[in-house]
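K.L.:
Model the structure of this input:
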Amino acid sequence: MKILIIRHGDPDYEIDSLTEKGKREADLLTKRLLKESPVAVYVSTMGRAVRTAKPYLEATGITATYYDWLREFIYDVRFPDGHTQIPWDLYPSFVSENPELYDNDKWYDNFIMQTGDIKTAYKKVSESFDGLLKKHGYERDGMFYRAVSANNDTIMLFCHFGVECVLLSHLLNVSPVILWQAFCAAPTSVTTVYTEERQKGVVQFRVQAFGDISHLYAENEPPAFAARFCECYDNEEERH
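P.N.:
All right, here's what the predicted structure looks like:
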């Protein structure tokens, strides 16, 4: 099976939709996705993901299924100084002082993660994802999956960067903090994950491509800066 995890286009967060650039990106993404033949398409219920999927769904006539658990993973944590934020975009110095954040068995026990309902939210997304995979023939068994009904199907998920990292961390058995901190999926990027069944009935998921935006480069559309931070500290025009 192949899973395509697609981030929404350049966002207009104020109205939970896309900027004009994001709409162009979604059209270019559609041209790329028309080469695929998914058996199912799943979409976050948030507006920016819905708007990104729209041109593809209209072009193919596919009816998508919309899930709340694919919404962005926005669950605030509270720091000792009183400020709150989402559980990623942490300063590297903070992560260095709290190395358990990179441990798949301990990250949710960190004192910051304990200030929010992060473990419960993570479990909800993971269990919902496993339920979806079971529907498509793959059942979780510890750290791997059983091929109950092995297949070469493709499914698409239109969602968001934060929750994409949660999905991947669950599939790969790694802390989501590693992905939140060290990876960046640009708007309309496509992450491709395949099953590998090297032992009969025993499956692992493997990432073949992360955050692919070749459809933008092919049309001379520069990637949006959303999800990135300043490349150099003195770049005052870039997000800090």
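K.L.:
from here on, contacts and neighbour counts on C-alpha atoms
P.N.:
Noted.
K.L.:
can you map out the helices along the chain?
P.N.:
Under the criterion DSSP state H, the chain contains helices at 20-33, 47-60, 92-97, 118-135, 161-172, 176-182, 214-217.
K.L.:
isn't residue 158 right next to residue 46, touching?
P.N.:
No. At 10.0 Å, residue 158 does not count as touching residue 46 under the criterion of CA atoms under 8 Å.
K.L.:
the more surrounded of the two?
P.N.:
When neighbours are counted by other CA atoms under 10 Å, residue 158 and residue 46 differ, and residue 158 comes out ahead with 27 against 19.
K.L.:
Need the pLDDT of the more buried one.
P.N.:
Note for residue 158: predicted pLDDT of 98.
K.L.:
Enumerate the beta-bridge partners assigned to it.
P.N.:
Beta-bridge partners recorded for residue 158 (DSSP bridges): residue 6, residue 43.
K.L.:
what's it in contact with, if anything?
P.N.:
Residue 158 makes contact with 5, 6, 7, 8, 41, 42, 43, 44, 49, 50, 52, 53 under the criterion CA atoms under 8 Å, 6 or more residues apart in numbering.
K.L.:
Looking at those residues, which is nearest residue 119?
P.N.:
Residue 119 lies nearest to residue 44 out of these, by CA to CA, at 20.4 Å.
K.L.:
how far away is that closest one from residue 6?
P.N.:
Separation of residue 44 from residue 6 (CA to CA, to the nearest Å): 11 Å.
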